[in-house]
Structure formats: structure tokens, C-alpha cells
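Engineer: need the 3D shape of this:
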Amino acid sequence: MTEPRVGSYGTSGKDLDAQERWRMNNPAILSQIHDKNSFEELRREGKKTWINLPSSVNGTLIYFLLVENNSWAFETWPYITSLFFVGTPVFVTFYLQFLLLITIWASVPNYAEDENICKTSGWVQWAVMGNFMIILSPSLSSILNETLCILRTSRVAFQSEDDLDNMVLYSLKNDGFKKYLTFFLIVVPETIILTMLFYIGSGFILTSESMGDIIINSVAVAFIMDIDNFCVEAFQLEAVSERSNGTSWETTWNTEDQRLSDGIPRKVDNILIATFTNVKKVSSVIILSAMWVAGIKLMYCL
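Structural biologist: Next up, the predicted model:
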């Protein structure tokens with residue numbers, strides 16, 4: 001029996017009923033059970049990158065919409081109710097983050113009129129901006145992972161409820177319109193907030209009066225981006241967090257060769273070094289923070 005052909009947006013109720021009957025009668029089409037050894041072998045043979053959603057209410061909402069509510073066609077009302085009952089913490093978080101950023105922005109003096117930018121040592125500002133970028137980098141990685149999970153994933157894997165030693169490999173059949181709408185409602189606002197946080201936060205830090213204020217303000221501003229992580233502890237059931245965080249998503253990205261110790265002493269080679277190295281990321285932070293501080297100094301202090 002072949003998969004029923006249904007449209008994307010506005011599919012009729014009759015087609016949706018046929019789709020649901022097909023799904024119930026053919027569970028093996030969507031899910032397969034693997035023991036952990038066969039699953040790891042499947043991952044190695046596939047040579048694709050597997051990632052996890054961030055431990056945040058944003059990640060939980062994405063998981064719910066695309067995995068728990070996995071469907072061939074976009075259904076408007078179930079999607080709206082899911083956004084309300086599951087996504088309320090996400091949108092409240094966006095509101096709080098935006099409100100805090102606007103409030104901080106109002107207190108940041110004009111660069112051209114503030115003397116602290118030029119008075120404070122550029123070396124100190126460079127170090128603090130580098131630290132600020134390091135603090136924000138997990139948020140950037142979360143946005144990238146969320147984007148890949150929504151737009152570039154067709155299969156997920158999670159632990160079987162019946163046998164914890166087995167993994168369920170589950171195919172996602174979500175409609176393209178649903179994926180792009182999810183991306184627009186969750187990832188786009190998160191990206192805008194992160195961009196605002198970097199721009200406003202850097203101004204708030206560089207115009208601080210004393211050395212202590214510079215350091216404290218850099219940590220305080222970065223805290224805003226972690227509100228969605230704290231909401232997990234405040235509002236979310238532990239079982240929900242474990243499933244959402246523990247689900248692995250197979251992306252379309254090819255994996256790089258990696259190697260870890262198997263308990264047998266071996267010589268250090270390029271693959272082992274590549275597995276552990278972070279030189280590119282560290283260099284990027286150093287260069288970008290230097291360019292940001294130097295650009296502001298050149299613009300307003302000369």
C-alpha cells in the first residue's frame with residue numbers, strides 16, 4: 001500500500017482521514033526499532049551529522065510541532081492550539097527579552113557624546129568583547145541547530161519507551177509550509193533578539209564607566225539570552241525535557257571524520273587533532289571582537 005497523495009495547505013478532511021488511516025495501518029513505514037549497536041552502525045554508514053535541539057522551551061516547541069505532531073499535511077487549528085498550549089512560554093520569553101533590550105537601549109548613551117569609549121583601554125574592551133561573544137556563541141549554535149532540525153531533517157531517533165536499550169528511528173513527513181512557518185515563528189524572532197542583544201549589549205558594555213561595570217554589564221546583558229533556558233526548569237516536566245533534549249535529528253550535512261580513544265594507546269594524527277581542535281572558533285572570536293572594538297575606536301575616538 002502506497003502513501004496517500006495529499007496536498008500541502010488546505011487539504012480536505014476526507015484526504016486527511018485517509019492519511020491518518022494509512023499511518024495507523026502502516027506504522028513500520030514511519031518508524032523502525034534498532035538496538036543501540038545497530039543504530040550506531042546506521043549512523044556511521046549514513047555519514048550524516050546528527051544533532052540535538054537546545055535545552056530550552058524553544059527546542060521543546062519545535063520538537064512538539066515536528067515530532068509529536070508529525071503529519072503529511074498542514075492542519076491550521078491543531079497547529080494554532082499547539083502554539084498556544086505548548087508555545088506560550090516561548091512567546092512570553094520573546095516578549096520579556098525584547099522589553100529588556102528596549103529598556104537597556106534607552107539607557108545607552110550616544111557613542112559620539114560618550115567619553116568612556118575613548119577613555120577605557122582598547123585592550124580591556126577587546127578582552128571584554130571577546131568574552132561577550134563567547135557567552136553569546138551557544139545561542140548562535142542553538143539557532144543553527146534549530147534551523148537544521150526544522151528545514152534539513154527527515155528522520156529523528158529517540159529511546160524506545162518499551163525497551164530502554166532500543167532506539168526508535170522515526171521518519172518525519174511534515175508539510176513544507178508547516179516547516180517554514182515554524183522557522184518563521186521561532187527561529188526568526190530568536191535571531192532578531194540575538195542580533196539586537198549583540199548590538200545593544202556591546203554599546204552598553206563599551207560605554208560603562210569603570211572596569212568593574214564593564215565586566216559586570218557584559219555578564220548581565222548576556223543573561224537575557226538565557227531566559228528561555230531557565231523557563232525549562234520553571235515550567236516544563238522532566239519527562240518532556242528528557243524526550244525533547246534526548247531526541248537526535250539526522251541532518252543533510254555530511255559528518256567529518258572523528259576519532260576518540262578506544263582504550264588502546266595510539267599515535268596522535270590529524271583526525272584525532274581535528275576531533276578536539278577549536279582553533280578556528282577561537283580565532284574567529286579574537287578577530288571579530290578586535291574588529292568590532294577597532295571600528296568603534298576609529299569612528300569615534302580619532
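Engineer: show me the contacts for the nearest residue to G46 once chain neighbours are set aside.
Structural biologist: Nearest residue to G46, sequence neighbours excluded (Cβ to Cβ, 6 or more residues apart in numbering): E250, at 7.0 Å. C-beta here means a position set from N, CA and C on the backbone, and glycine is covered the same way. Taking Cβ atoms under 8 Å, 6 or more residues apart in numbering, we find E250 in contact with G46, K48, T49, W50, T153, S154, R155, V156, A157.
Engineer: distance between stretch 77-85 and the chain's centre?
Structural biologist: 21 Å (Cα atoms, centre = their mean, to the nearest Å).
Engineer: identify each buried residue in that stretch, please.
Structural biologist: Y79, S82, L83 (16 or more other Cβ atoms under 10 Å).
Engineer: now do stretch 42-57
Structural biologist: Neighbour-count burial for stretch 42-57, counted by 16+ other Cβ under 10 Å, picks out L42, R43, K48, T49, W50, I51, N52, L53, P54, S55, S56, V57.
Engineer: same question, stretch 169-181
Structural biologist: The neighbour-count check on stretch 169-181 (16+ other Cβ under 10 Å) flags L169, Y170, L172, K173, N174, D175, K178, K179, L181 as buried.
Engineer: next: stretch 93-100.
Structural biologist: Burial within stretch 93-100, assessed by neighbour count using 16+ other Cβ under 10 Å, is assigned to T93, F94, Q97, L100.
Engineer: what does stretch 267-277 give?
Structural biologist: Of all the residues in stretch 267-277, those buried under the rule 16+ other Cβ under 10 Å are L272.
Engineer: what packs against the helix or strand where L99 lies?
Structural biologist: Under the criterion of DSSP states H and E, L99 resides in helix 88-107. Taking 3 or more Cβ pairs under 8 Å, 6 or more residues apart in numbering; DSSP states H and E as the contact definition, the neighbouring helices and strands of helix 88-107 are helix 57-63, helix 188-206, helix 227-235.
Engineer: now the ones you listed as CSV including distance to S241 and mean pLDDT?
Structural biologist: As requested, the helices and strands packed on helix 88-107 are arranged in CSV below (distance: least, Cβ to Cβ, whole Å; pLDDT from 0 to 100):
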stretch, distance to S241, mean pLDDT
helix 57-63, 7, 94
helix 188-206, 19, 92
helix 227-235, 6, 83
